[in-house]
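Q: structure of the sequence below:
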Amino acid sequence: MKSFAALTRTALWCVSALLSGSAIAQSSGGTPLRVIVPYAAGGQTDVMARVIGEFMQKTLQRPVIVENRPGAGGLIGLKTLQTSPADGNTLLFRDSGFVAAPLLLKAADYDPLKDLQPVASVGRSDMFFMVSKDVPAKTIPEFIAWAKTQPNGVTAANNGQNTGAHLAAALFGKRTAINVIHVPYKGVVETVTALITGDAKMQINVMTDALAGQISKGNVRLLAAASTAPSAFAPGLPRVSETVANFGFDGFFAFLALPAVPTERVDAIAKAVELALTDATTLDKLQKLSVYPVYRGPRELGSDIARQYRFYKGIVDELGVEAQ
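A: Predicted coordinates for the structure are as follows:
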């Protein structure tokens, strides 16, 4: 039986949630909340937006509409946000690759620290090193040895030239002296197809249901975790850093708004996200997407973005990458 103190805490949380939900609903006026996802439908980011949005509809008491605007490594989705009214009724939801974009693409003519307002992060997802079934390697050392025998290099799938998948594969190639040939696709779904068909031999990216299914079927082989810490979703799986020193990518998924959106509206939406991450059904769905739920409010997320920018700047400098 729960203690009186525990029951009291639960009751207070419920009252707080109800009051927060009421305040959020009153601030929105029932206008639909448009969430732009800059990737194709069906990928991890898209599904996450829909899972969180489904709960937010109840809290906000307004429709949450997810709109896919794939292409140009996420820039089409970003431009969609930038051309929308700064009224808080349009948000961008994506992975932390937007932080690196201005370092890699001339078309990404924005400052991630000034031109986007942090709203809330919903979690992080480990990155994994995976290969096509026709690659004979079963470990990272074996892959490195095999890749060096390929005269035309090794093709690596990524979901855009400014994404973590692109930078991770490029860094791996540089530190192991492997010729990695980057092949960009519109989204994660397309990169999975490329691995299955063998058009791409490797990929360093987040896990999705589609990938997990193909791994279980033996069409894609998982070699290692590419995250800094051991993966909570694949206990015992080796890490790339065990072979390649100081190799580790940690990212996040977040809602972003235009800088002119009033602070009170941003805080209201952030509260709705926070409440979504207390819902058991929502958490279960996120975990099935290999997402580790982590809520970070506007201020904390802003600090994370600044730290991530420094991280990517160091990698870009190491790789000698120039914006294209």
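Q: not counting sequence-adjacent ones, nearest residue to residue 115?
A: residue 259 (6.3 Å; Cβ to Cβ, 6 or more residues apart in numbering). From N, CA and C alone the C-beta is placed, and that goes for glycine too.
Q: typo on my end, residue 175
A: Per Cβ to Cβ, 6+ apart, closest to residue 175 is residue 244, 5.2 Å.
Q: tell me the secondary structure for that neighbour?
A: coil (DSSP: H, G, I helix; E, B strand; the rest coil).
Q: which residues touch it?
A: 140, 172, 175-176 (Cβ atoms under 8 Å, 6 or more residues apart in numbering).
Q: so what does it look like in phi/psi?
A: Backbone geometry at residue 244, expressed as degrees, to the nearest 10, gives phi -110, psi 110.
Q: mind jotting down where the strands sit in the stretch 101-250 of the chain?
A: In the stretch 101-250 of the chain, the strands defined using DSSP state E, counting those that start in this stretch lie at 117-125, 127-132, 154-158, 180-184, 202-206, 220-225.
Q: helices of the chain, start to end?
A: Applying DSSP state H to the chain gives helices spanning 4-28, 44-60, 75-82, 101-104, 140-147, 164-176, 188-197, 209-217, 263-276, 280-288, 298-319.
Q: now those as a markdown table including distance to residue 68 and mean pLDDT?
A: Converted to a markdown table, the helices of the chain look like this (distance: least, Cβ to Cβ, whole Å; pLDDT from 0 to 100):
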| stretch | distance to residue 68 | mean pLDDT |
| --- | --- | --- |
| helix 4-28 | 23 | 44 |
| helix 44-60 | 6 | 94 |
| helix 75-82 | 8 | 96 |
| helix 101-104 | 18 | 86 |
| helix 140-147 | 33 | 98 |
| helix 164-176 | 18 | 91 |
| helix 188-197 | 11 | 89 |
| helix 209-217 | 16 | 85 |
| helix 263-276 | 20 | 97 |
| helix 280-288 | 19 | 92 |
| helix 298-319 | 23 | 93 |
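Q: my read: residue 304 touches residue 296, true?
A: Yes: in terms of Cβ atoms under 8 Å, residue 304 counts as a neighbour of residue 296; the distance is 6.1 Å.
Q: between these two, what contacts are shared?
A: By Cβ under 8 Å, 6+ apart, the residues touching both residue 304 and residue 296 are 121, 252.
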